[in-house]
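**Q** Attaching a predicted model along with its sequence, questions to come.
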Amino acid sequence: MQTLDLQDIGLREVNKTLHAQSSETNQTAWTIENAKGAHAIACGLDAPIEVTVKGSTGYYCGGMNQQATVNIHGSAGPGTGENIMSGKIVIEGDASQYLGATGHGGLIVVKGNASSRCGISMKGVNIVVQGNIGHMSAFMGQSGNLVVCGDAGEALGDSCYEARFFVRGKVKSLGADCEKKEMRPEHIEILKGLLDEAGIDADPADFTRYGSARNLYNFDVDNAAAY
């Protein structure tokens, strides 16, 4: 286990050290101490390493992640996992707004709640939230899966494309062109796999699926009021 003290060596040196790791590294386990809400911790990683951040983080922790696993032992600030490509981010506490924005792949797990715009413009990322999510989540969601074990706020999936949303609790309102969908066996399997990977014990049969009604893919004057 390699330990980096953010207070002693600073953010630039912490990220520089992590960026120096390659796919062949034998230093695969790292701990970052004294996070204290610092921004951009463990951004741009591209190696199969596991990084544990002790404490809560600020903006963009784990942004642009590839291959790495980032464990946040606290809550996470805005934009955590922004543009994630692969790998995994696990947040033990709550997540602030626009979690996983524009994420292309990988998995983000939140053990607490997520705020507004969770998964905004998601492009393939999978996000599993054990608690609730806020308003305008998955706005313009293009692909990937958003799993919510609690409730969802207003305008879920507004202007979405082919992303899938699974919600166990209540949805305050659906956004433009988002609708309730049939839960077919293949969706049960997808959801079961995501819950298992996230380490969350929940019955897929308790969830409702939502997705695009596909009325806004191309402009149609009859649908103008929905824009």
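**A** Thanks, I have it. Numbers count the residues shown, from 1 in each chain.
**Q** and the helix or strand containing Thr31, what does it pack onto?
**A** Using DSSP states H and E, Thr31 falls within strand 29-33. The contact analysis (3 or more Cβ pairs under 8 Å, 6 or more residues apart in numbering; DSSP states H and E) places strand 29-33 against strand 2-5, helix 6-19, strand 50-54. Where you see a C-beta, it was placed from the backbone N, CA and C, and this is true even at glycine.
**Q** Give me the residues contacting the longest one.
**A** Read it as helix 6-19. For helix 6-19, contacts defined as Cβ atoms under 8 Å, 6 or more residues apart in numbering pick out 4, 30, 32-36, 38-47, 49, 51.
**Q** Could you list the buried residues of that helix?
**A** Across helix 6-19, burial judged by 16 or more other Cβ atoms under 10 Å covers 6, 11, 14-15, 18.
**Q** and the gap between Ile32 and Met183?
**A** Applying Cβ to Cβ, to the nearest Å, the value for Ile32 to Met183 is 40 Å.
**Q** where does the chain dip in pLDDT?
**A** The model of the chain has pLDDT under 70 over residues 218-227.
**Q** one more time with 80
**A** Residues of the chain meeting the criterion pLDDT under 80: 216-227.
**Q** Break down it into its strands, ranges please.
**A** 2-5, 29-33, 50-54, 69-73, 88-91, 107-110, 123-129, 143-148, 164-167, 178-181, 208-212 (DSSP state E).
**Q** what's the burial count for the closest residue to Pro48 other than its chain neighbours?
**A** Spatial nearest neighbour of Pro48, excluding adjacent residues (Cβ to Cβ, 6 or more residues apart in numbering): Gln67 at 4.8 Å. For Gln67, the count of nearby residues is 16 (other Cβ atoms under 10 Å).
**Q** Distance from stretch 143-156 to the middle of the chain?
**A** Distance, stretch centre to chain centre, for stretch 143-156: 11 Å (Cα atoms, centre = their mean, to the nearest Å).
**Q** Also stretch 19-29?
**A** On the basis of Cα atoms, centre = their mean, stretch 19-29 sits 24 Å off its chain's mean C-alpha point.
**Q** before we move on, what about stretch 158-177?
**A** Distance of stretch 158-177 from the chain centroid (Cα atoms, centre = their mean) equals 15 Å.
**Q** And stretch 164-184, by the same measure?
**A** 18 Å.
**Q** buried stuff in it?
**A** Buried-residue list, stretch 164-184, by 16+ other Cβ under 10 Å: 164-168, 171, 174-178, 181.
**Q** coming back round to it: in its sheet, which strands sit next to the strand holding Thr31, and in what direction?
**A** When pairing is defined by DSSP bridges, strand 29-33 lines up against strand 2-5 (parallel), strand 50-54 (parallel).
**Q** Deepest-packed of these, please.
**A** Counting by mean count of other Cβ atoms under 10 Å, strand 50-54 has the highest mean neighbour count of those, with a mean of 21.
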